[in-house]
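Peer 1: Here you go, sequence then predicted model.
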Amino acid sequence: MNATASPHRTQVAIVGAGPAGLLLGQLLHKAGIDAIIVERQSADYVLGRIRAGVLEQVTADLLDEAGVGARMHQEGLVHQGFEMLFGGLRHRVNLNQLTGGKNVIVYGQTEVTRDLMEARQAAGLPTVYEAQNVAVHDFDGTKPRLTYTAGGRTHAIACDFIAGCDGFHGVCRTSVPRRAITEYEKVYPFGWLGLLSDTPPVNHELIYVNSPRGFALCSQRSATRSRYYLQVPLTDKVEQWPDEAFWDELRLRLDEAGRSALVTGPALEKSIAPLRSFVCEPLRFGRLFLAGDAGHIVPPTGAKGLNLAATDVKYLSQAFIDHYQRHGSDRERGIATYSQRCLRRIWRAERFSWWFTSLMHRFPDDDAIVSKLKDAELDYLMHSESGLRTVAENYVGLPLDFGE
Ligand code: RFL
Ligand code: PHB
């Protein structure tokens, strides 16, 4: 039987030390609000997950606001555009020109996470790693609690609010009664096989490829580190894809210029990720708030997941700051409107990610006419100023406040 340690008290208990939880912790710390983060995995495990690579300007601004942007500015690569390859031809989407000067920054999620972890550690802020049996309680009343076990003991944290930043497979969303939630979900009939290698990128900008053999993406982390993805059947296993098979298939999906520029090397990491569109409504249940992948998932084609997590966290930190620091009727406004503010932005990003994914991938039931129609849509988009602008303004992301 576990002994129970005496309860801790904090203002905000954060579940999950991914980018959403860590960024929230940092923004609250800057505002003088107490928070404890409780994470199921070890810090090394969290840092070992290779995920996002593209940051919107809004996300970069938030990292600056949190005081963790220095290395991103030094090492991140500012990209003013990307390329689309289909029908054997490349087309450039000039993000900067089409959006009045906006760019994206290529800087890996691993690095964002590392910067946030180091800042948290330097400030001496509490994070519990390898917490087991994390559970959230009484969030529909005024005294929520979080419990977990570690080192053979049960620990309890009493708090004012719980922030569920625990990703798609977390415990927070599933602790809410089913009748209080509506979930919208689409699972795509393919996955992305990703490979990371210490090889120079095939191109100075990202290339999104729609080929008859399926989608491919040429991304990067630095001038010497590349990240590539291939659309693969959901039934494929990583073991079926030795490095050489990966490179051979990528060559077949590229154009001649890509094939001759491609430098291959051993994989540092290789994994298959399923693709999903998912939204949970609402995102607040009494004193429990969902942020990031805990509340929504986008397929990675639009590079929106991490960016949406960051903007949820901006709205959530602002809601808590207003609650603790404002007086008068505005005090609870951020809390009351959190879900609706986030969801409007989320649905726009969901739409873009779903549309871009549908356009760029081959679906098992696409017949000849669907393929021809997608080719025609791509051809139209890349040769129309408004088509290109539509792609560009969605890719660089919406501003934080985009009007009523
Ligand atoms: P995370 O990163 O999943 O972190 C959640 C954390 O919660 C912990 N956890 C728990 N802790 C305590 N108790 C429990 N019961 C817990 N259950 C879970 C987990 O261990 C974890 O540490 O969610 P967060 O913070 O919301 O961040 C979201 C992003 O990670 C995600 O949206 C992006 O990675 C998505 N994504 C991309 N987003 C972009 O903006 N740009 C991109 O270029 C991009 N590329 C990608 C991506 C995701 C990918 N995969 C693998 C799904 C590329 C890929 C291949
Ligand atoms: C990545 O570099 O991991 C990456 C880039 C762009 C995407 C998805 C993933 O759309």
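Peer 2: Looks like it arrived, so ask away. Ligands and ions are numbered 1, 2, ... in the order given.
Peer 1: how many other residues sit next to the closest residue to ligand 2 within the chain?
Peer 2: Residue nearest to ligand 2 within the chain: residue 53 (2.4 Å; C-beta to the nearest ligand atom). C-beta: built from backbone N, CA, C; applies to glycine. Residues lying near residue 53 (other C-beta atoms under 10 Å) number 24.
Peer 1: what's it in contact with, if anything?
Peer 2: Contact partners of residue 53, counting by C-beta atoms under 8 Å, 6 or more residues apart in numbering, are 106, 107, 108, 109, 219, 220, 221, 227, 303.
Peer 1: now swap in residue 380 and tell me
Peer 2: The contact partners of residue 380, by C-beta under 8 Å, 6+ apart, come to residue 387.
Peer 1: Quick check: it is in a strand.
Peer 2: No - membership of residue 380 in a strand is not supported by DSSP: H, G, I helix; E, B strand; the rest coil, which gives helix.
Peer 1: now do the same end-to-end measure for stretch 136-144.
Peer 2: Distance between the two ends of stretch 136-144: 7 Å, counting by C-alpha to C-alpha, to the nearest Å.
Peer 1: Double-check residue 290 against residue 279; I have them as touching.
Peer 2: No - Residue 290 is beyond contact range of residue 279, at 10.6 Å (criterion: C-beta atoms under 8 Å).
Peer 1: More neighbours: these two, which one.
Peer 2: The neighbour count for residue 290 versus residue 279, taken as other C-beta under 10 Å, is higher for residue 290 (30 against 18).
Peer 1: Could you check how far the more buried one is from residue 377?
Peer 2: 34 Å (C-beta to C-beta, to the nearest Å).
Peer 1: Same check on residue 74?
Peer 2: 39 Å.
Peer 1: One more: residue 168?
Peer 2: 30 Å.
Peer 1: do residue 331 as well
Peer 2: As judged by C-beta to C-beta, residue 331 and residue 377 stand 48 Å apart.
Peer 1: ok, back up a step: now do the same for the residue of the chain closest to ligand 2: its pLDDT.
Peer 2: You'll see residue 53 listed with a pLDDT of 91.
Peer 1: and if you look at residue 5?
Peer 2: pLDDT at residue 5 comes out at 60.
Peer 1: Equivalent analysis for the one 5 residues further on, please.
Peer 2: In this model, residue 10 is scored at 98, pLDDT.
Peer 1: List the contacts of it.
Peer 2: 34, 35, 36, 157, 158, 159.
Peer 1: switch the cut-off to 6 Å
Peer 2: 34, 36, 159 (C-beta atoms under 6 Å, 6 or more residues apart in numbering).
Peer 1: what helices or strands is the longest helix belonging to the chain leaning on?
Peer 2: Ranked by residue count and defined by DSSP state H, the top helix of the chain is helix 333-360. With contacts taken as 3 or more C-beta pairs under 6 Å, 6 or more residues apart in numbering; DSSP states H and E, helix 333-360 sits against helix 305-325.
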